[in-house]
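Engineer: fold the following for me, if possible:
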Amino acid sequence: MDVEKEVEMLKEEIKRLSEESNSDGRPVVTFGVLFADDKCANIFEALVGTLKAAKKKKIVSYDSELLLQGVHDDVKITLLVE
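Structural biologist: Residues are numbered from 1 along each chain as shown. Predicted coordinates for the structure are as follows:
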């Protein structure tokens, strides 16, 4: 699967799983929620790689260089571009 398609699917999954919004009304989800979701696990072979590509393209924002399951479960991922 190409990166562009995975990033588009990531946007949809963030919207589906977001339980809160930031002050601008943008969807926010934690890394732990994304990582633990069964649908996401089946869609994304490398969730962290997809998130990194989306961050580089300024589609999502999060405050960590590296995302590791367990350690970074509370890191909030904000969808910048819908």
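Engineer: what does the lengthiest helix in the chain rub up against?
Structural biologist: If you go by DSSP state H, the chain has its longest helix at helix 3-17. Residues lying outside helix 3-17 but in contact with it, judged by C-beta atoms under 8 Å, 6 or more residues apart in numbering, are 27, 29, 33-34, 37, 39-40, 43-44, 50-51, 53-54, 57, 59-60, 77, 79, 81-82. The way it works is simple: take the backbone N, C-alpha and C, and place the C-beta from them, glycine included.
Engineer: buried subset of the residues you listed, written for ChimeraX?
Structural biologist: Buried subset of the contacts of helix 3-17, written as a ChimeraX selection, criterion 16 or more other C-beta atoms under 10 Å:
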select :27,29,33,34,37,40,43,44,50,51,53,54,59,60,77,79
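Engineer: and the gap between K52 and D2?
Structural biologist: Counting by C-beta to C-beta, to the nearest Å, the gap from K52 to D2 is 15 Å.
Engineer: related to what we said a few turns ago, which of the contacts of helix 3-17 fall within strands?
Structural biologist: If you go by DSSP state E, these have 27, 29, 60, 77, 79 in strands.
Engineer: Throw those into a markdown table and include pLDDT and distance to L68, thanks.
Structural biologist: Putting the ones in strands among the contacts of helix 3-17 into a markdown table (pLDDT from 0 to 100; distance: C-beta to C-beta, whole Å) gives the following:
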| residue | pLDDT | distance to L68 |
| --- | --- | --- |
| P27 | 96 | 23 |
| V29 | 96 | 17 |
| V60 | 97 | 17 |
| I77 | 96 | 14 |
| L79 | 96 | 21 |
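Engineer: and the pLDDT at the nearest residue to A53 once chain neighbours are set aside?
Structural biologist: Among residues not flanking A53 along the chain, V3 sits closest, at 5.1 Å (C-beta to C-beta, 6 or more residues apart in numbering). Looking at V3, its pLDDT reads 86.
Engineer: on that earlier part again, only alpha carbons, please: show the longest helix of the chain as PDB.
Structural biologist: Extracted in PDB, the C-alpha atoms of helix 3-17 (Å, rounded to 0.1, in the frame of the first residue of the first chain):
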ATOM      1  CA  VAL A   3       2.000   6.100   1.900                       C
ATOM      2  CA  GLU A   4      -0.500   8.500   0.500                       C
ATOM      3  CA  LYS A   5      -3.400   6.000   0.800                       C
ATOM      4  CA  GLU A   6      -2.300   5.000   4.300                       C
ATOM      5  CA  VAL A   7      -2.200   8.600   5.400                       C
ATOM      6  CA  GLU A   8      -5.700   9.100   4.000                       C
ATOM      7  CA  MET A   9      -6.900   6.100   5.900                       C
ATOM      8  CA  LEU A  10      -5.200   7.400   9.000                       C
ATOM      9  CA  LYS A  11      -7.100  10.600   8.800                       C
ATOM     10  CA  GLU A  12     -10.400   8.700   8.700                       C
ATOM     11  CA  GLU A  13      -9.400   6.500  11.700                       C
ATOM     12  CA  ILE A  14      -8.400   9.500  13.800                       C
ATOM     13  CA  LYS A  15     -11.800  11.100  13.100                       C
ATOM     14  CA  ARG A  16     -13.500   7.800  14.000                       C
ATOM     15  CA  LEU A  17     -11.600   7.300  17.200                       C
END
